[in-house]
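Chemist: no letters, just coordinates:
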């Protein structure tokens, strides 16, 4: 199970620092280069990561990650309960509304957003994190 935890941490690090090299991840985690490389290749084979198109020595998030979000939110009572009030609030104040939830790392993660029509607005991508404070 230690390898699963390591793989998820590598996936999160790639998401945060992409495009990133094996060497950069090795320094970040203090792991042997071969371990990081094996983890990256395994995640790439599963579709979670891919080599950067312009520099194949750098890694970035793969398209499979995008498939998880809708599945994670489908049937979620929070998502279902929050969506309509978010739309009503957006319509009332004409501002972008973000729905964030706490994660295990003591921060907030944006899980949904309803955009306003202002050309200049606050914008956080789904999956962005910020400190709880």
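Modeler: Nice, I can see it. Only a predicted model underlies this, so the values are computations on that prediction, with no experimental measurement involved.

Chemist: where are the low-confidence patches of the chain?
Modeler: Within the chain, the segments meeting pLDDT under 70 span 66-67, 69-76, 104-105.

Chemist: host element of the residue of the chain positioned farthest from its centre?
Modeler: Ranking residues of the chain by C-alpha distance from their mean position (C-alpha atoms, centre = their mean) puts residue 92 at the top, at 29.4 Å. Secondary structure assignment for residue 92, by DSSP states H and E: helix 77-93.

Chemist: with residue 111 instead?
Modeler: Going by DSSP H and E, residue 111 is part of strand 107-114.

Chemist: now do that strand against helix 77-93, angle only.
Modeler: Taking axes from the mean of the first three to the mean of the last three C-alpha atoms, to 10 degrees, one finds that strand 107-114 is oriented at 60 degrees with respect to helix 77-93.

Chemist: buried stuff in strand 107-114?
Modeler: By 16 or more other C-beta atoms under 10 Å, the buried positions in strand 107-114 come out as 108-114. Bear in mind the C-beta positions are built from the backbone N, C-alpha and C, glycine included.

Chemist: tell me how many other residues crowd residue 122.
Modeler: 12 (other C-beta atoms under 10 Å).

Chemist: hang on, isn't residue 103 packed against residue 110?
Modeler: No: Residue 103 lies out of contact with residue 110 (C-beta atoms under 8 Å); the separation is 10.6 Å.
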